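Sequence plus the predicted model coming up.
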Amino acid sequence: MLENLRKELLQQKKDMHDMKEDIKNTINNNINEKFKNLEMKNEHLENKIKEHSLQINNIERFMRRKNLIFFGVEEGEKSYNDLENAILHIINKCFGFNFENGLESVRRIGKKGEIIRPVVVTFSTMGFKLKIQQNQKCLKDTPYYVKQDFPKEVLKKRKELQPQLKVEREAGNTAFIKYDKLIVLPRKNKTSTQNPTNKRSISESPETTLKNPSNILQNKKQSVKKSKTTTMKEYIRHKPKFILNSERTTHDSTPSEANEHTN
């Protein structure tokens, strides 16, 4: 009786232990599954954020594509029209362009203080903007200068690239910053840029002449032609002597041979 009770207790303990393990495994599996789902959702959200940030950057870049920032424009305007007329006056005076309908909008950026705030100018067409940008040298002897309008993140990236740009230029490489990337063009090799006409012509070696039997045959043909012409000349020159000498042997030769000699 006692033995049976003891066995039943042991079996109950075992069943309870198995139940605990099953519950623990079930909970762990559920937690792992939930973690996997959360990781997948998190990864999906990160990809979406990257995609949206890229789209926002492209939109911002597109919106700024016709902008230029004018520096050094005095803050004496009392209205928007005054600021617009001031920009038009600078363009007409310094560049000599008539841009009465070439401006879409003008606005100052930054907090008002001791430093003159720059003016962001949005042109009505990309062509007007490029025309000003390509003729920046017209502002050389004036207090004004213009720069490209970049987002803050791009300006920060360009500032970080300035030390590397300086190093590359000191090394003799052609380097410049294009938007938010550093472009480095390696130096050209002087030996490769030499005029090919200054190079010494390569002479044929004996090995190449041996490898090309056509050269040997051609040389042989030329030598044979030369030898033939010289023997004909010598034959014509010495023909009388040959005929005189052959008269001694006409009696010994056949009539056909004698006719050949006389011919």
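Received, thanks. Numbering: from 1, shown residues only.

Distance from the helix or strand encompassing N32 to the middle of the chain?
Using DSSP states H and E, N32 falls within helix 2-63. Mean-position distance between helix 2-63 and its chain equals 48 Å (C-alpha atoms, centre = their mean, to the nearest Å).

Give me the buried positions along whatever helix or strand comes next after it.
Downstream of helix 2-63, the first helix or strand assigned by DSSP H and E is strand 67-71. Buried residues in strand 67-71, counting neighbours by 16 or more other C-beta atoms under 10 Å, are found at 67-70. From N, CA and C alone the C-beta is placed, and that goes for glycine too.

Just confirm P143 is within a helix.
No. Using DSSP: H, G, I helix; E, B strand; the rest coil, the assignment for P143 is coil, not a helix.

where does it land on pLDDT?
At P143, the model reports a pLDDT of 91.

In this structure it contacts I90, no?
No. Using C-beta atoms under 8 Å, P143 makes no contact with I90, being 10.0 Å away.

Do a quick rundown of the helices in the stretch 51-200 of the chain.
Remark: helices assigned in the stretch 51-200 of the chain by DSSP state H, counting those that start in this stretch are 80-90, 126-134, 152-170.

which other helices and strands contact the shortest one?
Contact here means 3 or more C-beta pairs under 8 Å, 6 or more residues apart in numbering; DSSP states H and E; on that basis helix 126-134 packs against strand 67-71, strand 145-148.

Compare P143 and I90 and say which one has the larger neighbour count.
Using other C-beta atoms under 10 Å, the more surrounded residue of P143 and I90 is I90, with 19 against 10.

so who does the closest residue to the more buried one other than its chain neighbours touch?
Among residues not flanking I90 along the chain, Y144 sits closest, at 6.0 Å (C-beta to C-beta, 6 or more residues apart in numbering). Under the criterion of C-beta atoms under 8 Å, 6 or more residues apart in numbering, the neighbours of Y144 are 70-73, 90, 94.

any weak-confidence spans in the stretch 151-263 of the chain?
Applying pLDDT under 70 to the stretch 151-263 of the chain picks out residues 188-263.

redo that, cut-off 80
Within the stretch 151-263 of the chain, the stretches with pLDDT under 80 are 186-263.

now the helices and strands packed on helix 126-134 in TSV, with distance to P118?
Below are the helices and strands packed on helix 126-134 laid out as TSV (distance: least, C-beta to C-beta, whole Å):
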stretch	distance to P118
strand 67-71	5
strand 145-148	8
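
Out of these, which is closest to K157?
Of all the helices and strands packed on helix 126-134, strand 145-148 sits nearest to K157, with 13.6 Å by C-beta to C-beta.

taking the mean pLDDT, what do you get for stretch 51-66?
Here the average pLDDT along stretch 51-66 is 90.

How far does it sit from its chain's centre?
Distance of stretch 51-66 from its chain centroid, counting by C-alpha atoms, centre = their mean, is 24 Å.

Kindly report the same for stretch 138-147.
For stretch 138-147, the distance to the chain centre is 32 Å (C-alpha atoms, centre = their mean).

sorry, back to before: determine which two of the contacts of Y144 are furthest apart.
The span of the contacts of Y144, defined through C-beta to C-beta, is set by F71 and C94 at 13.2 Å.
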